[in-house]
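Got a predicted structure here, sequence first:
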Amino acid sequence: MIVQIKQDKEDYSVIVVNKMVSVSVIVPCFNVADCVHRCIEALICQSVGLENIEIILIDDASTDDGATLSILMEYEKKFTDNIMVI
């Protein structure tokens, strides 16, 4: 579920947009900068089609000076409709 808040002069309205996906995949990530590309690319290339997949990447407090988080954020920026980083 996506919630958008719009402001029109003095009034706020909340719009709920439902995006139905067939599969939600949660990927916990801890210091995986060297291999997370393969995991994410494999998920993106699934035969069900990327439009049917929601990928949630969770940076679990990696201690690799931001290397893992940086890669995750690149994918989130590139696939804004399907990938979310937490």
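Now that the structure is in, tell me what you want to look at.

When you work out contacts or count neighbours from here on, use the C-alpha atoms and nothing else.
Noted.

Would you map the strands across this protein?
Using DSSP state E, the strands of the chain run over 2-8, 11-17, 23-29, 53-59, 83-85.

What are the buried residues along the third one?
For strand 23-29, burial by neighbour count (16 or more other C-alpha atoms under 10 Å) applies to Val27, Cys29.

same deal with the last one?
Residues of strand 83-85 classed as buried under the neighbour-count rule (16+ other C-alpha under 10 Å) are Ile83, Met84, Val85.

in its sheet, what does it sit against?
In the sheet, strand 83-85 lines up against strand 53-59 (parallel) (DSSP bridges).

show me where pLDDT drops low in this structure?
1-19 (pLDDT under 70).

Residues touching the top helix by length along the chain, excluding its own?
Secondary structure of the chain read by DSSP state H shows that its longest helix is helix 67-78. The contact list for helix 67-78, computed with C-alpha atoms under 8 Å, 6 or more residues apart in numbering, reads 29-33, 36-37, 57, 59, 62, 82-85.

Same question for stretch 47-57.
20-29, 43-44, 72, 82-86.

Keeping just the C-alphas, turn it into CSV.
Taking Å, rounded to 0.1, in the frame of the first residue of the first chain, the C-alpha atoms of stretch 47-57 are listed here in CSV:
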residue,chain,number,x,y,z
SER,A,47,10.2,-15.2,-14.9
VAL,A,48,7.1,-13.8,-13.1
GLY,A,49,8.2,-10.3,-14.2
LEU,A,50,9.5,-7.5,-12.1
GLU,A,51,6.1,-5.7,-12.2
ASN,A,52,4.8,-8.6,-10.0
ILE,A,53,7.6,-8.5,-7.4
GLU,A,54,8.2,-6.2,-4.5
ILE,A,55,11.7,-6.4,-3.1
ILE,A,56,12.4,-5.1,0.4
LEU,A,57,16.1,-4.8,1.2
